[in-house]
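Chemist: curious how this folds, go ahead:
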Amino acid sequence: MLNKQLKTGLVLDVETTGLSPKSDEIIELALKLFSYREDTGEVLDIIDENSFLREPISKSARKNYQQAFKIHGIPYQSVMGKSFYDAKVKSFFYRADTVFAHNASFDRSFLYWMYPEVNDLKWYYTMKGVAWKDYGFPNSKLLTLLKSHSITDYQTHRALDDITYLMELLKKLSPKGAPYLKEVLQKRPMSKYQPAGAKKSYKRSLAMEENGRDAINEYYS
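Modeler: Residues are numbered from 1 along each chain as shown. Next up, the predicted model:
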């Protein structure tokens with residue numbers, strides 16, 4: 001019976017060049033796999049974690065980079081010439097029963113263009129999956145919640161830091177006496193993401209990935 005309650009969760013976060021999946025791109029992705037009990041919401045163990053950096057390819061994403069830098073603080077030199085290790089990234093998706101992200105709608109909308117298989121996973125939106133305001137918190141922003149639970153007073157906006165902090169938050173007990181993770185799981189998973197023209201755009205993205213490095217070299221030469 002216990003084995004049926006054991007699940008593998010994936011908490012993730014992305015940093016991007018902006019707010020639009022159509023004109024911006026992911027530059028950092030962090031993933032953390034963990035085991036948990038579905039019935040109690042108890043986090044049992046960290047299975048695997050990794051983070052990846054990626055140089056944006058499209059002109060619009062490169063153009064927007066400097067503005068986004070003011071938020072995530074990742075110098076362009078840190079992503080230059082780098083790309084995601086797709087096989088490794090996908091291995092996290094394939095092992096997960098569920099996905100948790102604080103701004104899941106945003107994160108998934110970007111990931112879908114690169115990895116459409118994420119749409120087959122059960123996504124949970126931790127920003128909306130807990131009655132944060134009902135519990136007396138002024139808002140559901142991650143930093144507000146982290147401060148309120150004495151986890152950290154500062155948010156770096158680096159993806160791996162954010163998911164590590166989010167994991168600590170989900171392990172905390174709510175006023176009801178159970179981990180916040182349990183409350184999130186009691187909500188229905190998000191409905192599938194269905195953007196217009198996603199399939200066509202994904203194929204175009206693959207072509208850009210294959211040929212984009214030459215374009216980048218030409219752009220910066």
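Chemist: quick one: least confident helix or strand in the protein?
Modeler: In the chain, no helix or strand scores lower on mean pLDDT, DSSP states H and E than helix 198-220, which sits at a mean of 49.
Chemist: which stretch of helix or strand covers residue 52?
Modeler: Secondary structure assignment for residue 52, by DSSP states H and E: strand 43-53.
Chemist: which parts of that strand are buried?
Modeler: 43, 49, 51-53 (16 or more other CB atoms under 10 Å). Placement of C-beta: from N, CA and C, glycine included.
Chemist: out of these, which is nearest to residue 186?
Modeler: Nearest to residue 186 out of the buried residues of strand 43-53 is residue 43 (CB to CB; 16.0 Å).
Chemist: tell me the pLDDT at the closest one?
Modeler: Per-residue pLDDT puts residue 43 at 98.
Chemist: which residues does it contact?
Modeler: By CB atoms under 8 Å, 6 or more residues apart in numbering, the residues touching residue 43 are 34-36, 167, 170-171, 179, 181.
Chemist: export those residues to a markdown table and tack on pLDDT?
Modeler: A markdown table is the format used below for the contacts of residue 43 (pLDDT from 0 to 100):
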| residue | pLDDT |
| --- | --- |
| 34 | 99 |
| 35 | 98 |
| 36 | 98 |
| 167 | 98 |
| 170 | 99 |
| 171 | 99 |
| 179 | 99 |
| 181 | 99 |
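Chemist: narrow those to those in strands?
Modeler: Counted as lying in strands by DSSP state E, out of the contacts of residue 43, are 34-36.
Chemist: I am finished for the moment; much appreciated.
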